[in-house]
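>>> predicted structure and sequence below. I'll ask about it afterward.
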Amino acid sequence: MRVTLLGPQRRPTVDAVMRSLRPGGPVATITAGWRDGEAGDDELGRLLGFRSVNLRLYRRWLDVQERDRDFAAAERRLRGVIEEVQEIYLLRLDYALRAVYAVQRRSGEDWLRAAALAEAIGAVRELDAAHLRRVSDIRGEFYQAWPPHDRPVIAGHRAEVSQVLGETAALVVAGGHVGVLADVLHLFNVAAALRSPVIAWSAGAMALTDRIVLFHDRAPQGPGHPEVYGSGLSVLRNLVLLPHARARMLLDDAPRMAIFARRFAPARCILLENGTRVDTDGDGSCPPDTRVLAEDGRVTSLEAA
Amino acid sequence: MTGPAVSRKLAINRLRERRPPEPAVIDRFLARHDVPIIEGARCTFLYRGGADEVRLVHRAVGLPEHIPLRQLYGTDLWYVVLELPEGSRFEYQLEVARGGQRERINDPLNPRLAHSPLGSSSVCYARGYEVPEWTRPDPDSRPGSLIDIRVPSRALRRDCAVTLYLPARLLRTARYPLLVVHDGSDYLKYASAKTVLDNLIHRLDVAETIVAFVSPGDRLAEYANSAAHARYLTAELLPRLEAEFPLTGTPSGRCLMGASFGAVAALSTAFRYPQVYGSLLLQSGSFVFTDIGHDHGGGPAFEPVVKFVNRYRAAPRWVADRVFVSCGVYEPLIIRNRSMVPTFEAAGMDVRYVEARDGHSWENWRDRLREGLSWIFPGPQKFFYE
């Protein structure tokens, strides 16, 4: 699967990228991450040469809420459970990461500290992995109990989405709310009908990965811990995508960034800044000049990392 | 190698050198300067008028309660220079003595006023203090709505007025956290609570939240560890709100908030119902206690508070998952609040403690709302990558 990852589109580059890819047909778009603003895609349509079809996944999700009340109620309960699981994970993560930073700061013999640090990071990695498994299991059980293909309203939408994707030559996924994007991509089974190439930016790119990592070091309540949220479409593997990295992360804090990179290794932590373009395929391979977070906490190119 | 330090004279000292300054010179001086005059850390307070004595009065701990102003020789201009640490917000009044009468007034030369249920006072913004822009109306923020309801309370034996804040675009299919705010009408009036909520929710700093602004009847009785008040909130108000509005209905989605005596009410309610509220937001709590003897200095109204806080400090108990505590360093309550932090921590609660160079005032409580609310009910910023 050929995927082009872009940085934020405040200063759009998607039009130039699309011209370079020459998809040779109409383009499907997903702007569900904009939630209520999903339909406000005139500018995007213009950039794509007025040959795009918006899949309107958020509106479809609202339709499911309205017309399949039982499923909607079950989905609300699922969301409540996932939120609770996420909160408990964050509670544990807080202690585990504080231990990592404390060991990292501690004075004394380097070799002793390095060994302890590796173990502390290992504990965080185990916690991340266990959380991802738990969330996946909970979602799996939900979809077993409420098979979407057996729900007429959802099945109808899935068929329409599949048809549009079958008739288009490329898919564009815009940014926005990554949780909403991941949910609707799963619910309407976009993975099954996906056509190459895919162009995605910011949250749209994150939602294509096998592990969505949320991060915000400049939140009003202080730096939050980077947290594993769940799985996206898993079209991209072994990549942790970091849109707006400079604005959202304390990139100058090399020790903190080093922990970030080591925690998610061997996945590559890729910075998606304004103007970034990364052409990749499903195995996570990226061009050598891709900007990544290295394990020493520096931002560097992939070939130098 | 650096050159000699350049010491710039204060404006008032430059004026003093012109002796005696003519009234017209003083007129021009006052027209040229905002009062108080802020020059680095030094703040010059002024009063102009005939008087026998002029004093600056305030409640900031650490400074003399009454600070005399000096009369500029041969003029009717009075002045005093105070050093205020960076970022300070300092409320004060002037006491003018004339012909055996003393009168407390707001500073006629300073248009900045702070308001509270007890009246108004002048306020000085020291270097580094700015009114947070998120406390001001933002035309881009979608306004939530306020609705008034009445909740008949058997516990309090009265009909209780509650003002509900509903976020813009409230969806019945969604589920929202609930914040219960003591002294609600004062928070709305003096701490710009609605504007703050509109802005912080719009900016994704705070989760979309339903807020119940409750107001006391007999405040000193209901907020001083009252079983009836706790029962009203927990057994009467909460079930009604959770039946009528799309609330999460879980402890992690419920927070009690209050300032001063309202903070005592929030803590004591959670103490009485420890499995119900997941978070507390306590601002400048009146957590008066005694370590020895009975002289707490708070008067009879504080007796039940002291009893409650002493008991709590002797045996700290987990009452909520998370507690946000804030206090102004110029408040008499600062030591009390600092002392409560390790007490809460000892009970196993997750505590976030914030101090500000401010006093026991509504604008202090307003200015801390972003830190507090975004910690208690964080907005979805971490999900948004545009």
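Structure's in. What do you need?

>>> only C-alpha atoms for contact and neighbour calcs from this point on.
Will do.

>>> spit out the contact partners of B:Asp291.
Residues in contact with B:Asp291 (C-alpha atoms under 8 Å, 6 or more residues apart in numbering or on different chains) are B:Asn310.

>>> hang on, I meant A:Gly230
Going by C-alpha under 8 Å, 6+ apart, the list of residues near A:Gly230 reads A:132, A:135-136, A:210-213.

>>> CSV please, covering these and showing neighbour count and pLDDT.
Shown next, in CSV, are the contacts of A:Gly230 (neighbours: other C-alpha atoms under 10 Å in any protein chain shown; pLDDT from 0 to 100):
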residue, neighbour count, pLDDT
A:Leu132, 21, 98
A:Val135, 21, 98
A:Ser136, 15, 97
A:Asp210, 19, 96
A:Arg211, 26, 97
A:Ile212, 27, 98
A:Val213, 23, 98
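
>>> right, and the pair among those with maximum separation?
A:Ser136 and A:Val213 (14.6 Å; C-alpha to C-alpha).

>>> and A:Ala159, how close does it get to chain B?
With distances taken as C-alpha to the nearest C-alpha, to the nearest Å, A:Ala159 is found 25 Å from chain B.

>>> quick one: secondary structure of that residue?
helix (DSSP: H, G, I helix; E, B strand; the rest coil).

>>> what about the helices in the chain?
Chain wasn't specified; assuming chain A. A:14-21, A:42-47, A:57-67, A:69-105, A:110-145, A:152-167, A:178-187, A:203-206, A:245-248, A:254-264 (DSSP state H).

>>> nope, chain B
Using DSSP H, helices in chain B cover B:11-16, B:23-32, B:184-190, B:193-202, B:219-222, B:227-231, B:238-244, B:261-272, B:303-314, B:334-346, B:362-367, B:369-376.

>>> nearest to chain A, of those?
Chain A lies closest to helix B:369-376 among those, at 5.3 Å (C-alpha to the nearest C-alpha).

>>> counting contacts, what elements does that closest one pack onto?
helix B:193-202, strand B:279-283, strand B:322-328 (3 or more C-alpha pairs under 8 Å, 6 or more residues apart in numbering or on different chains; DSSP states H and E).

>>> out of these, deepest packed?
Among the helices and strands packed on helix B:369-376, ranked by average contacts under mean count of other C-alpha atoms under 10 Å in any protein chain shown, first place goes to strand B:279-283 (a mean of 29).

>>> what does that one rub up against?
B:251-252, B:254-260, B:263, B:266-267, B:320-327, B:365, B:372-373, B:376.

>>> now do it, average pLDDT.
Strand B:279-283 comes out with an average pLDDT of 98.

>>> please apply the same query to stretch A:279-289.
According to the model, stretch A:279-289 has a mean pLDDT of 88.

>>> roughly how far apart are B:Gly99 and B:Leu46?
B:Gly99 sits 20 Å away from B:Leu46, going by C-alpha to C-alpha, to the nearest Å.

>>> okay, these two: which has more neighbours?
Neighbours around B:Gly99 and B:Leu46, counted as other C-alpha atoms under 10 Å in any protein chain shown, are more numerous at B:Leu46. The numbers are 25 against 8.

>>> who touches the more buried one in this structure?
B:35-36, B:69, B:77-80, B:109.

>>> nearest to B:Tyr273 among those?
B:Pro36 (48.0 Å).

>>> now the closest one. Nearest residue, chain neighbours left out?
B:Phe45 (4.7 Å; C-alpha to C-alpha, 6 or more residues apart in numbering or on different chains).

>>> ok now do that neighbour, which residues does it touch?
B:Phe45 neighbours (C-alpha under 8 Å, 6+ apart): B:35-37, B:79-82.

>>> next one: B:Lys382
A:214-216.

>>> separation between whichever residue of the stretch 201-350 of chain B sits closest to chain A and B:Ala191?
As assessed by C-alpha to the nearest C-alpha, chain A sits closest to B:Asp205 within the stretch 201-350 of chain B, at 6.7 Å. Separation of B:Asp205 from B:Ala191 (C-alpha to C-alpha): 18 Å.

>>> nothing else from me, thank you.
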